[in-house]
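J.: Okay, predicted coordinates and the sequence, questions at the end:
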Amino acid sequence: MRYTLILPAFLILTIAPALAGPREDTTAGIARCAAHPDDRTYLNCIYGAVQPLRAQLRLPPAPEDQIRLVPPGAATAPLARAVPPAPQSQYAMDAAFAAGMRERLDTFSFTRQGLFNIRLENGEMYRQEASDVPRAKLLGRGSDYVVYVIKQGGGAALMKITGDANIYRMRRIN
């Protein structure tokens with residue numbers, strides 16, 4: 001005897017892998033917002049759930065408190081993947097980092113998820129955003145590395161490490 005499993009659409013959206021585009025990620029996030037009992041929280045959750053589309057359109061990111069309201073879906077990537085408004089060419093990007101703050105690293109550490117925390121020689125401390133995709137491969141002493149920081153306001157920053165092609169999304173923690 002053969003059985004067919006029929007799943008409701010909201011369940012499919014909840015368990016579907018995050019291989020879909022920003023529109024599908026947004027729809028899935030909105031469906032998960034239905035778990036909030038009161039209307040105000042539900043509405044704020046929806047504002048946070050549209051973050052993938054905001055990022056694709058290079059609109060300012062939704063506030064963190066709204067993004068945090070979106071319940072995580074099984075096997076989905078975080079919804080807070082804000083794409084920073086980056087210059088269009090690599091030359092412009094290099095110029096932007098050259099104009100940013102140049103500092104030597106003091107110390108660094110890694111979380112279980114592979115994200116890194118750093119302290120600069122000037123005492124500023126940063127944590128890699130949980131939604132950031134690239135993972136750094138730092139070895140040796142912190143003082144072996146020079147970083148370039150572009151502060152973006154609200155504690156957010158873009159960081160480039162010498163010898164590493166990636167650009168990291170960071171959050172100042174002190």
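T.: Yes, it's here. Residues are numbered from 1 along each chain as shown.
J.: quick one, strands of the protein?
T.: Assigned by DSSP state E, the chain shows strands spanning 101-110, 116-120, 125-128, 146-153, 156-161, 167-172.
J.: Check which helices and strands the fourth one sits against.
T.: To tie it back to what came earlier, the one meant is strand 146-153. helix 90-99, strand 101-110, strand 116-120, strand 156-161 (3 or more C-beta pairs under 8 Å, 6 or more residues apart in numbering; DSSP states H and E). Quick note: C-beta positions are derived from backbone N, CA and C, even for glycine.
J.: Closest to the centroid, which residue in the chain?
T.: Centroid check for the chain by C-alpha atoms, centre = their mean gives S131 as the closest residue, at 2.7 Å.
J.: Kindly report the domain assignment for the chain.
T.: If you go by automatic domain parsing, the domain ranges for the chain are 9-67, 90-172.
J.: ok so, going back, state the distance from the residue nearest to the centre of the chain to R169.
T.: Separation of S131 from R169 (C-beta to C-beta, to the nearest Å) stands at 7 Å.
J.: just V149 next, same as before
T.: Going from V149 to R169 by C-beta to C-beta gives 12 Å.
J.: Need the overlap of contacts for those two.
T.: Residues touching both V149 and R169 (C-beta atoms under 8 Å, 6 or more residues apart in numbering) are 157-159.
J.: now, which of those residues sits nearest A136?
T.: Using C-beta to C-beta, M159 comes nearest to A136 of these, at 9.4 Å.
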